[in-house]
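> Please find the sequence and the predicted model below.
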Amino acid sequence: MKKLISLALVLVMLFTLAAPVGAASYKVDGSPIPVVTIYGDGEAIYDAEKKVKLFQFNEIMNIFGGSEEGALGEAAVNILMPFLLEGIINDEWDNYYAALEKEVGELFTEVRYDENGENWNGSGLSQHTVDLTKWQLSRDAKLSRGGYYHYADYHFFYDWRQDPMKTADEFHEYVEAVKRITGAEKVAVIARCLGTSVVMAYLKKYGNDSIHGVSFNGSVAAGGEIISEPISGKFVLDVNAINRMLADFGAIGWFELDSFITSSIDLAAKTLTAMNFDFNETEIYGKLVHGVTSALALSTFFTWPGYWALVCEDDFDDALLYVFGEEGSAKREKYKNLITKIEDYHYNVMTEIDTVFQSLRDDRVKVGVIAKYGFQLAAIAESRDYVADQFATVEKASFGATTSTVYEPLDAEYIAAREAEGKGKYISPDKRIDASTCAFPDSTWFTKGITHSNWTEFETSVLLAVVTADRQLTVDDFEYTQFIVYDNETQTAYPMTEDNCNTEVWSANKNLDKPEDKHGIIFSAVYSLIKWVMEFFRFIMSKIG
């Protein structure tokens, strides 16, 4: 029972928010200048004494598993009672929202920030991490490496929950310390995931004087739809997308579902379509999504200013509305200091990305970008049909690429127009991406087959070469094309071709998933039923055998 309740609460949260080959002649194992790396939200959060681990994303179930079964059962009852007795029966939802925020919030008390967006209990990085940082800044790493630096010699650790503007100040101090200890005039920067937002804030506040080159891998500096859209009202429950997401999970080894289960999910989706039922259009959906969004946001991850940095420019006003209510509301007043931090980053960094990039160009800072794709974006996001890396669309991660959906390639007329402009080389072999519209079209790579959370040595090798070179390297300087297919089993990268570009473990058929006429809907439902029957008998025979 305890495990079932824990799993149910996790699903409620998730579905309501929220030996490698290097690069040809420019493959480098070391750098003549120091390299500072900054990553995302993978570091564990410890208590104030830096001894007890409080939270780590890959161990999120521990938060539920660490609670007593009786406490979890009581929490479930406290949430369900107002949902059933007040919401469903009387259409009164405020007590349900309050109960949801309170009960889930108690599970996350130790890692949430306060209403001011501040760390109220001194929790943070482990003592080991603090000591490692001190050790890194105590020596010139090249003295033990034959005169060269490794990309991991200077790894900037930070509390990824806090205000990115504050972290940018800490990053500045770290960069200056590396310069002092090494005697270097400039450093190179390799940034991943949430770290790209910190680097963007740093570049906006402190400029480029200390930066030789900078790279963005799996960037969310322009926003991440997995966070941005569910909390701004762009919450969509798409069963077809859920099935594709489950297929990805199985492919990367998170868990494996029998094909009978996935075929059952598919049949449910097609049957609901045939019945003309869309949960996203129901009255109860409208009642739930707004209040639940706010309750779960403030009881879990959105007292963290660091996560608000992922809210896209187009979603920002709606996100404030959905999480904090109307201007002048009680929540707006309670969280006004948190909102000030959020707005500071958004209006001074997120909306100034183009200005930052122009400064990089003007100062001849070397820039490299890698966007990943070939995986289903979170199935609850409105942008779920666009090519993505599970967390963010390619358009955001590449700073402006034009992309198709998972259902259809770029339009033939569009491609012909690009070719007529002499930009045909920027079209991916799978016809899903046009790189010519990126901020850095000639130094942006696209890797198909590498998920957002998988950081391969291949990617690091390419970006290390770019950020430490004495000139701006482009896609033409490498044996790999701008578009790359990565084989995770052999850890090998290949130039993408029309023959090897279809790496997805699922198929997205618009005629079956989104039929536009009555005959198409009936055919889709019947086709799904036939598949389900076949899988059902296969499942039965496997159990008998």
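In hand now; what should we look at? Numbering: from 1, shown residues only.
> now the strands for the stretch 151-300 of the chain?
With DSSP state E, counting those that start in this stretch as the criterion, the stretch 151-300 of the chain has strands at 154-156, 187-192, 211-217.
> Reformat those strands as a markdown table; add mean neighbour count.
Backbone N, C-alpha and C define where each C-beta goes, glycine included. Formatted as a markdown table, the strands of the stretch 151-300 of the chain follow (neighbours: other Cβ atoms under 10 Å):
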| stretch | mean neighbour count |
| --- | --- |
| strand 154-156 | 21 |
| strand 187-192 | 27 |
| strand 211-217 | 27 |
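> ok now do the residue nearest to the spatial centre of the chain, which residues does it touch?
In the chain, the residue lying closest to the centroid (Cα atoms, centre = their mean) is F391, at 3.0 Å. By Cβ atoms under 8 Å, 6 or more residues apart in numbering, F391 lies in contact with 193, 218, 220, 224-226, 377-378, 452-453.
> Include distance to G42 and mean pLDDT when you put the strands of the stretch 151-300 of the chain into TSV, please.
Below are the strands of the stretch 151-300 of the chain laid out as TSV (distance: least, Cβ to Cβ, whole Å; pLDDT from 0 to 100):
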stretch	distance to G42	mean pLDDT
strand 154-156	12	97
strand 187-192	9	98
strand 211-217	14	98
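> Pipe the ones you listed into TSV and attach distance to W304 per row.
Listed next are the strands of the stretch 151-300 of the chain as TSV, based on distance: least, Cβ to Cβ, whole Å:
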stretch	distance to W304
strand 154-156	18
strand 187-192	18
strand 211-217	21
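> nearest to G400, of these?
strand 211-217 (12.2 Å; Cβ to Cβ).
> mind listing what's buried in stretch 296-311?
Within stretch 296-311, the residues scored as buried using 16 or more other Cβ atoms under 10 Å are 296-311.
> can you tell me which of these are in helices?
Residues of the buried residues of stretch 296-311 located in helices (DSSP state H): 296-299, 305-308.
> of those residues, closest to N276?
Among those, L296 lies closest to N276 (Cβ to Cβ), at 29.5 Å.
> Settle this for me: the closest one is touching E101, isn't it.
Yes - the criterion here is Cβ atoms under 8 Å, and L296 meets it with E101 at 7.5 Å.
> separation between T167 and W304?
From T167 across to W304, the span is 12 Å (Cβ to Cβ, to the nearest Å).
> typo on my end, it should be D430
Distance of D430 to W304, given as Cβ to Cβ: 36 Å.
> Who does the closest residue in space to D385 that isn't next to it in sequence form a beta bridge with?
Nearest-residue entry for D385: T405, 4.3 Å, with adjacent residues in sequence omitted and distances by Cβ to Cβ, 6 or more residues apart in numbering. With DSSP bridges applied, T405 shows beta-bridge pairing to Y386.
> how close does T405 get to S359?
Remark: distance between T405 and S359 (Cβ to Cβ) = 34 Å.
> so who does I242 touch?
Per Cβ under 8 Å, 6+ apart, neighbours of I242: 265, 379.
> Per-residue pLDDT of it, please?
We note a pLDDT of 84 for I242 in this prediction.
> Quick check: which ranges of the stretch 51-200 of the chain have low pLDDT?
60-80, 82-84, 86-88 (pLDDT under 70).
> quick one on the thing from earlier: identify the contacts common to T167 and W304.
By Cβ under 8 Å, 6+ apart, T167 and W304 have these common neighbours: W160.
> I'd like to know how many residues surround E504.
Number of residues near E504 (other Cβ atoms under 10 Å) recorded here: 20.
> Please apply the same query to the one 3 residues further on.
When neighbours are counted by other Cβ under 10 Å, S507 registers 12.
> Ok, K334 next?
Neighbour tally, K334, other Cβ under 10 Å: 15.
> Against H290, how distant is the residue nearest to it when sequence neighbours are not counted?
In space, and not counting its chain neighbours, K334 is closest to E115: 5.3 Å by Cβ to Cβ, 6+ apart. Remark: distance between E115 and H290 (Cβ to Cβ) = 20 Å.
> one step back: return the member of the buried residues of stretch 296-311 nearest to E489.
Using Cβ to Cβ, the buried residues of stretch 296-311 come closest to E489 at L310, 31.1 Å.
> ok now do that closest one, which residues does it touch?
194, 197, 220, 223-224, 226-228.
> and those, which of them are in helices?
197, 226-228.
> Most widely separated two among those?
It's S197 and I226 that sit farthest apart of the ones in helices among the contacts of L310, by Cβ to Cβ, at 14.2 Å.
> So between those two, which is more surrounded?
Neighbours were counted for S197 and for I226 using other Cβ under 10 Å; S197 has more, 31 against 25.
> Without its sequence neighbours, what residue ends up closest to that one?
The shortest distance from S197 to any non-neighbouring residue, by Cβ to Cβ, 6+ apart, is to A309 (4.1 Å).
> tell me which residues of stretch 341-357 are tucked away?
Those would be 341-342, 345-346, 349-350, 352-353, 356-357, for stretch 341-357 by 16+ other Cβ under 10 Å.
> Flag the shaky bits of the stretch 201-350 of the chain, pLDDT-wise.
For the stretch 201-350 of the chain, residues meeting the criterion pLDDT under 70 lie at 254-258, 260-262, 266-267, 272, 277-288.
> ok so, going back, closest to V466 out of the contacts of F391?
Among those, and counting by Cβ to Cβ, the member closest to V466 is G218, at 15.4 Å.
> pretty sure the closest one contacts A392?
Yes - the pair G218 and A392 qualifies as a contact (Cβ under 8 Å) at a distance of 7.5 Å.
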